[in-house]
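J.: Following is a predicted model, sequence given first.
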Amino acid sequence: MDKIVVKGGASLHGSVEISGMKNAALPIIYACALVEDKCIIENVPDVRDVALSLNILKEMGATVTSVGKNAVEIDCTELRCGTSRPELVRKIRASYYLLGSEFGRFGRSTVAYPGGCDFGGRPIDQHVKGFEYLGAKVNVDCDMVEIESEHGPVGANIFFDFVTVGATINVMLAAVLAEGTTVIENAAREPHIVDLANFLNTCGARISGAGTDVIKIKGVNNLHGCTYAIIPDMIEAGTYMIAAAATGGCVRLTNVIPKHLECVSSKIEETGAIVDEYDDSVVVTGKDTVRKANVKTRPYPGFPTDMQPQMATLLCLADGVSCVTEGVYEKRFRYVAELQKMGAAINVDGRSAVIEGGKPLHGASVEAVDLRAGVAMIIAGLCAEGTTEISQIHLIERGYDDVVGKLKSLGADIEKVSYPD
Ligand code: UD1
C-alpha cells in the first residue's frame, strides 16, 4: 500500500509548472471517438484518470501512441461502439462522455453507469434529458446506460434545469455530428467547456457561444484530425496557490491562465496573501497570519467546488471563524473528519462547515477520502507540527501530476512510501 508522508514546518518557495487540465483532457480524449482520423493532443497531464481513459479507448479499437512528453496521438477510425469494459468505466466519472461520443458517431451507445468521487447522489437525469431531446430512447438501470435512436441525433433546443458541466459536455459531443442545429441554454461556462469547443472546432465542428450560457452547435457531416494543446489546470494551480499561502511561502506558478484563477485569487487575497498576476504566471506570497473568510462554491465563474477542501484547510489556520458553504454537491465534507484527527475545529451542518481557525494542527494518520480531499490533507500536513501519513493516495494520483515531486522541488518535506499490504 502506498502512502504520502509529510513532515510539517517548511514554507514553500520557488517555481512550479502547472500541467494540462484533467477535466479538459478527459472530454477531449473522449471527443476523439467522434473523429475518424488522427488527433494529436498536447499538454496532457500524466494522471491516472487520463491513462485509464486512453486504455478504455484502446480496448475499444483505438490506436493510442505517445508522441513525446505529455503528447499523445489518438486514432479512433476503427473504434467499436458499445465495447467499453464496465470495470474500467465504473472507476471514473468522465467515462460517461463515451455516451455522447458513441451516440454522436454511431447513433447508439451502451456504457456502464459511471463511477467517480462520492459526493452524495450524482444523478445523470440532465444527460438523459439532453439525449432524449436529440431524439434518443434512453434506458438507465443501476448498472448500464443504453441509448438508441433510429436515425442518429437530430438537433434540438435544450434548456438544462440547472447548470451541469457533465451534461453540457455530453450534449455537445452528441450534437456535433447531428442533423440540424442544437441550442443548449443554461449551459455550464467552465474553461474546459470552451477548451472542448475549441478542440472540436479545430476538427471542423461548428460550435459558437461556449463560455456563455447559450451554446449553439450546427451539425456537420464529419470531423477531421488536428493537433491541439490542452489548457492549464486551474484546480491544480489553485491547489499550489493555497499551499503557498498556507505555509507562508512565496511560489511562482507557470503555465497558467490568470483569468481562470480570478475567483480563487481574490479569495486567497481576502485571507491576507498577495497574488501578483503576469501574462501566463502568478506569484503567491503568503503572510504570517491568515485572515478568516467565508466561501460559497458555485459553478464557474464562482468559487470552484473542486477547491473547497483546500480552502477549508487554509481557513483552519485563520484568525477567527469562517464559514464554507457547498453550493454544487449535496455532500462534500467527508474530509472534515480527517482534518479533525489533525486538531481542526470544524462543525458541519448540512451544506455548511463552520471553521474555528487558529487551533494548532498536528500530524496524524489520515485518509484521502477523495481526489481534492487528498490534496487538502497534504496541505494540512505541510502546516502541521510533526508527521502526517496519508493513505488511499491512488485517489490523489487520479488528478495530480507528480504532486510529490512538484512539492519537493518547492522545499516540502514529503515522500511517497510503499508499505507491504
Ligand atoms: C465535473 C467535474 C468535477 C467538478 C464538477 C463541478 C469532471 C470529470 N468532473 O463533474 O470535478 O466537481 O464538474 O465543477 O469534469 N447533477 C444532477 N443531474 C445531472 C447532472 C448533474 O443532478 O444530470 C448534479 C450533480 O450531482 C451535482 C451538480 O449537478 O450536484 C453539478 O454536477 P456537474 O456540473 O454535472 O458535475 P460533473 O460533470 O459530474
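T.: All right, it came through fine. Residues are numbered from 1 along each chain as shown.
J.: so what's the residue in the chain that the ligand sits nearest to up against?
T.: Among all residues of the chain, Gly166 sits closest to the ligand, at 2.7 Å; criterion: C-beta to the nearest ligand atom. Heads up, the C-betas are built off the backbone N, CA and C, glycines and all. Gly166 sits next to 93, 96-97, 124, 126-127 when contact means C-beta atoms under 8 Å, 6 or more residues apart in numbering.
J.: what helix or strand is it on?
T.: Per DSSP states H and E, Gly166 falls inside helix 165-175.
J.: ok, which residues in the stretch 301-421 of the chain are in contact with the ligand?
T.: 305-306, 328-329 (C-beta under 6 Å from any ligand atom).
J.: which pair in these spans the largest distance?
T.: Asp306 and Tyr329 (10.2 Å; C-beta to C-beta).
J.: Name the residue in the two with the higher neighbour count.
T.: Set Asp306 next to Tyr329 and count neighbours by other C-beta atoms under 10 Å: Asp306 wins out with 22 against 17.
J.: the helices in the stretch 1-150 of the chain, which residues?
T.: Listed in chain order, the helices of the stretch 1-150 of the chain (DSSP state H, counting those that start in this stretch) span 22-31, 48-59, 86-89, 97-106, 125-133.
J.: ignore the last one, the stretch 251-400 of the chain
T.: With DSSP H, counting those that start in this stretch as the criterion, the stretch 251-400 of the chain has helices spanning 262-270, 308-315, 336-341, 371-383, 394-397.
J.: quick revisit: just the ones of the residues of the stretch 301-421 of the chain next to the ligand in strands?
T.: Using DSSP state E, no member of those falls in strands.
J.: possible to save the residues you listed as CSV with pLDDT?
T.: Shown next, in CSV, are these (pLDDT from 0 to 100):
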residue, pLDDT
Thr305, 97
Asp306, 98
Val328, 95
Tyr329, 93
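J.: Tabulate the residues you listed (a markdown table), appending distance to Glu236.
T.: What follows is those, written out as a markdown table (distance: C-beta to C-beta, whole Å):
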| residue | distance to Glu236 |
| --- | --- |
| Thr305 | 15 |
| Asp306 | 10 |
| Val328 | 19 |
| Tyr329 | 20 |
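J.: what about Ser208, how many neighbours?
T.: Using other C-beta under 10 Å, Ser208 has 12 other residues around it.
J.: can you pull the contacts of the closest residue to Val264 other than its chain neighbours?
T.: In space, and not counting its chain neighbours, Val264 is closest to Gly238: 4.2 Å by C-beta to C-beta, 6 or more residues apart in numbering. Going by C-beta under 8 Å, 6+ apart, Gly238 touches 261, 264, 304, 307, 310.
J.: roughly how far is the helix or strand hosting Gly238 from the heart of the chain?
T.: Using DSSP H and E, Gly238 maps to helix 234-246. In terms of C-alpha atoms, centre = their mean, to the nearest Å, the centre of helix 234-246 is set 14 Å apart from its chain centre.
J.: need the residues of the stretch 151-300 of the chain near the ligand, please.
T.: Contacts of the stretch 151-300 of the chain with the ligand, taken as C-beta under 6 Å from any ligand atom, map to 164-167.
J.: you'd agree Val194 is up against Gly211?
T.: Yes - Val194 lies in contact with Gly211 (C-beta atoms under 8 Å); the separation is 4.5 Å.
J.: who's more crowded, these two?
T.: Neighbour tally, Val194 and Gly211, criterion other C-beta under 10 Å: the higher count belongs to Val194, 20 against 17.
J.: And the strands in the stretch 151-300 of the chain, which stretches?
T.: 157-159, 181-185, 206-208, 214-218, 227-229, 250-254, 274-277, 281-285, 295-296 (DSSP state E, counting those that start in this stretch).
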